[in-house]
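Q: predicted model, plus sequence, below.
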Amino acid sequence: MTRVFISRDMASVALGADEVARAFVDAGVEVVRTGSRGLFRIEPLVEVEVPDGRTGYGPVGPEDVSAVLAGTHPNRLGDVEAMPFFVGQQRFTFARCGVIDPLDMDAYAAQGGWVGLDAARAMVPAEVVAVVRDSGLRGRGGAGFPTGIKWQTVLAAPGPEKFIVCNADEGDSGTFADRLLMEGDPFCLIEGMAIAGHAVGADYGYVYIRSEYPFAVATMRDAISRSADRVAPFRLEVRVGAGAYVCGEETALLDSIEGRRGQVRAKPPLPAIKGLFGKPTVINNVLSLAAAPFILSHGASAYADVGFGRSRGTMPIQIAGNVRNGGLYEVGFGVTLGELVNGIGGGTESGRPVRAVQVGGPLGAYFPPSMFHLPFDYEAFAAAGGLIGHAGLTVFDDTVDMAGMARFAMEFCAAESCGKCTPCRIGSTRGVETVDRIIAGDRIDENLEILRDLCDTMKFGSLCALGGFTPYPVLSALEHFPEDFGGVSAFATAAE
Amino acid sequence: MLIIDWKPRFDGGVPARQSGRMGRKDRPIERPAVQADPIFAPTVDRLKATLGVDRGMLLPWLHAVQAEFGYIDDRIVPVVADALNLSRADVHGVVTFYHDFRRQPAGRHVVRLCRAESCQARGGKAIERAAVQKLGVAMGNTRADGQVSLEPVYCLGLCATGPNALVDGMPVSRIDAARLDRLIDQVNA
Ligand SMILES: Cc1cc2nc3c(=O)[nH]c(=O)nc-3n(C[C@H](O)[C@H](O)[C@H](O)COP(=O)(O)O)c2cc1C
Ligand code: SF4
Ligand code: FES
């Protein structure tokens, strides 16, 4: 019997994959639902099993069953992995995503699953921590803090009870790698958490998933119960967020798990010392934890050998917005922004010129094409007045109104502020009003000065990055696209 | 010591520290004992058994209550507080902090339209304007006939194929004028 592979990822389903799968089942074909390979232009993608692999067709609709089975469908892609979008990737973390049935334990094991966990458990905890440290892995949630050092701190913290918390809140616009992994290869994250548990002496974990990801919640819960025996004595559970962006901030997230308002805690104490329920806690992003199985099974240097400067290993980069080849591109650090947007991304979907790219979510800076030479690297982006954050790129064409985007950044901060500090809570609302006055042409120079001043106050007077980094999109829009703020003001130039 | 031991139970016995404000010491605050409204009792009993009464379970409790009733009725707040041994203010504070929790019933259909940057880059604002106009309800509101609620959401993780929405929990991508019309027919039906 013919076997076909169709993704059940939320993005594929949003494009009609369920209807396609149903049509194949109705035609008597065996359908295996997988995660998504991560190139959304070709979704819904159907891969037909052939003697030497799989032949892909995409996008296809439910009416295309017979043309696909006959091999005559015009959207024939051949071997999907041989497509340019995939050959250039280094899929360390996402190796299985889109290939296997995400809840098939046998397929997971057959594709290298659990090797990292078994390797870790054959070592003493300090050795595991050393391997992760030597891999150079830095936190993928945004701050880029070395994961090995975080684990070392928790390992050294005294106490009989410790926790592993996975930050799957992924609130940044333009990012979806955490979701893709949880839906496409949930055992990889579970394995990573179990490795972390062994490394620091924790036997309980929480995966905090945002409520906007219902598919990921269901897949993770199912995967956790299927793999319970395999990862025992480590146990874990899913907790679902409730639509608060700030709960992605690690201390707010801990408060949320404890059943409180998601308010940011002052640090110190670090969560590593006093975290969930006051116990030493590792809190890491999905991608940080999901990198651990590869690192433990292939060795620290296999990971560290890839990369750029102090950014080691691979980054699952998410190319989004108005872009032709939007999707997930996992590759070693160092690829330039221009390569990502124009080369791999293929430029805008609208066919118009690229005008701006926001890197790193709603707190990330906007870059013009003149800065496309920047290499994808934590330090290079920080030096250029931005951040790579969770590695989401949002591409805009020349119809974008950058003053409108600056306003949106302030509006978003106002809506999502946890309310603890005044610059963030009140400043963001003042920011919206000030940008509105600039857009209306009201005393532009004076209001630009107020806006810059306000950004300064938010930058230095906020407890966390929500208030502290909202100035990045605002100031970068102002700096690189002054013509959208009532023309190139004499004052704005003089103030540089 | 006393203060540490003090547990906020609404049984009428108000500790001295809690009595009144600004010198009105002799007038205790009126706090009625919690009487579980009969419509909530079976739910609360079930949640006690399935989720337990740890304070850390407050969010799962609230999600479950909302899943059952469609919203979090103000009248269930004291009941939940009592079950988890929290103050009403605690529970109220949590309900109002999180965007997901509603205090009024939603429409029969809920359209959650993404407003975040990547969807904006793909024409999301125009779709939002059209949705507001064609549905006949402002963003963040429920239509007067109770048929549909239109709510903002900030990113669904489908950012390469926007504009996106969740319609009654199911994701929809690449929303253009035609798809919007189909979607509107679906929620008006
Ligand atoms: C407002 C705000 C939102 C954040 N959202 C997320 C998020 O959604 N996911 C995430 O992993 N980290 C997020 N972070 C970063 C976390 O605070 C923290 O640095 C991260 O979970 C640490 O894990 P890592 O070292 O593996 O990156 C956010 C930070 C701030 C200030
Ligand atoms: S900066 Fe904003 S979100 Fe962060 S702690 Fe302060 S008020 Fe809360
Ligand atoms: S920005 Fe709309 S789905 Fe991400």
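A: Ah, there it is. For clarity, every value in this text was computed on a predicted model and none was experimentally measured. Ligands and ions are numbered 1, 2, ... in the order given.
Q: was I right about residue A:100 contacting residue A:109?
A: No: Residue A:100 lies out of contact with residue A:109 (CB atoms under 8 Å); the separation is 10.3 Å. Every C-beta, even on glycine, is put in place using the N, C-alpha and C of the backbone.
Q: would you mind telling me which of these two has more residues around it?
A: Between residue A:100 and residue A:109, counted using other CB atoms under 10 Å in any protein chain shown, the more crowded position is residue A:100 (22 against 13).
Q: pLDDT value on that one, please?
A: On the pLDDT scale, residue A:100 is placed at 97.
Q: ignoring the adjacent residues along the chain, who's closest to the residue of chain B at minimum distance from chain A?
A: Taking CB to the nearest CB as the measure, chain B has residue B:160 as its residue closest to chain A, at 2.5 Å. Take residue B:160 and drop its neighbours on the chain: the residue closest to it by CB to CB, 6 or more residues apart in numbering or on different chains is residue A:326, 2.5 Å away.
Q: for chain A, which residues are neighbours of ligand 2?
A: Contacts of chain A with ligand 2, taken as CB under 6 Å from any ligand atom, map to A:246, A:264, A:417-421, A:424-425, A:462-464, A:466-467.
Q: now a PyMOL select for only the buried ones of those residues.
A: The buried residues among the residues of chain A next to ligand 2 can be selected in PyMOL (16 or more other CB atoms under 10 Å in any protein chain shown) with this line:
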select buried, chain A and resi 246+264+417+418+420+421+424+425+462+463+464+466+467
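Q: model confidence score at residue A:486, please.
A: 81.
Q: swap in residue A:496?
A: pLDDT, residue A:496: 41.
Q: what number of residues lie near residue B:103?
A: 12.
Q: that one contacts residue B:74, doesn't it?
A: Yes: if you go by CB under 8 Å, residue B:103 and residue B:74 touch, sitting 6.4 Å apart.
Q: now for residue 87, how many residues are close by?
A: Looking at chain A here, since you left the chain open. 8.
Q: look at chain B instead
A: Other residues close to residue B:87 by other CB under 10 Å number 15.
Q: distance of it from ligand 2?
A: 23 Å (CB to the nearest ligand atom, to the nearest Å).
Q: tell me the confidence at that residue?
A: So, for residue B:87, pLDDT stands at 95.
Q: what do you get for residue A:3?
A: On pLDDT, residue A:3 comes in at 96.
Q: what's the spacing between it and residue A:99?
A: 13 Å (CB to CB, to the nearest Å).
Q: and what of residue A:396?
A: According to CB to CB, residue A:396 and residue A:99 sit 33 Å apart.
Q: can you check residue A:214 too?
A: Per CB to CB, residue A:214 is found 23 Å from residue A:99.
Q: point out where the chain drops to low pLDDT.
A: Picking chain A for this. A:487-496 (pLDDT under 70).
Q: not quite, go with chain B.
A: B:1-36.
Q: touching, residue A:202 and residue A:282? I think so.
A: Yes: at 6.8 Å, residue A:202 counts as touching residue A:282 under the criterion of CB under 8 Å.
Q: who's in contact with the residue lying closest to residue A:136 once chain neighbours are set aside?
A: Distance criterion CB to CB, 6+ apart; nearest residue to residue A:136, sequence neighbours excluded, is residue A:312 at 2.9 Å. By CB atoms under 8 Å, 6 or more residues apart in numbering or on different chains, residue A:312 lies in contact with A:135, A:136, A:137, A:138, A:303, A:304, A:306, A:333.
Q: residues near whichever residue of chain B sits closest to ligand 1, how many?
A: Using CB to the nearest ligand atom, residue B:155 is the residue of chain B that sits closest to ligand 1, at 10.1 Å. With neighbours defined by other CB under 10 Å, the count for residue B:155 comes to 28.
Q: what does the one 5 residues further on give?
A: By the other CB under 10 Å criterion, the neighbourhood of residue B:160 contains 32 residues.
Q: wait, it sits on residue A:327?
A: Yes: here residue B:160 reaches residue A:327: they are 5.7 Å apart, a contact under CB under 8 Å.
Q: follow-up on the earlier one: which one of residue A:202 and residue A:282 has more residues nearby?
A: Between residue A:202 and residue A:282, counted using other CB under 10 Å, the more crowded position is residue A:282 (28 against 25).
Q: so the more buried one sits in a helix?
A: No: counting by DSSP: H, G, I helix; E, B strand; the rest coil, residue A:282 is not found in a helix; it is strand.
Q: okay, and the residue in the stretch 301-450 of chain A positioned nearest to ligand 1 sits in which element?
A: At 6.3 Å from ligand 1, residue A:390 is the closest residue in the stretch 301-450 of chain A, using CB to the nearest ligand atom. Secondary structure assignment for residue A:390, by DSSP states H and E: no helix or strand.
Q: residue A:245 contacts residue A:465, correct?
A: No: assessed by CB under 8 Å, residue A:245 is found out of contact with residue A:465, at 11.2 Å.
Q: more crowded one of those two?
A: Set residue A:245 next to residue A:465 and count neighbours by other CB under 10 Å: residue A:245 wins out with 28 against 19.
Q: and the residue of chain B closest to chain A, what is it in contact with?
A: A:11, A:40, A:176, A:318, A:319, A:320, A:321, A:323, A:326, A:327, B:118.
Q: SS state for it?
A: Under three-state DSSP, residue B:160 falls in the coil class.
Q: you'd agree residue A:402 is up against residue A:484?
A: Yes: counting by CB under 8 Å, residue A:484 is a contact partner of residue A:402 at 4.1 Å.
Q: higher neighbour count, those two?
A: Neighbour count, other CB under 10 Å: between residue A:402 and residue A:484, residue A:402 has more, with 23 against 20.
Q: I figured the residue of the stretch 301-450 of chain A closest to ligand 1 hits residue A:172, correct?
A: Yes: the pair residue A:390 and residue A:172 qualifies as a contact (CB under 8 Å) at a distance of 5.2 Å.
Q: shared neighbours, these two?
A: Joint contacts of residue A:390 and residue A:172 (CB under 8 Å, 6+ apart) are A:142, A:360, A:361.
Q: could you list which of those also contact ligand 1?
A: Among those, ligand 1 is touched by residue A:142 when using CB under 6 Å from any ligand atom.
Q: so which of the shared contacts of residue A:390 and residue A:172 wins on neighbours?
A: Neighbour tally across the shared contacts of residue A:390 and residue A:172 (other CB under 10 Å): the maximum, 30 neighbours, falls on residue A:361.
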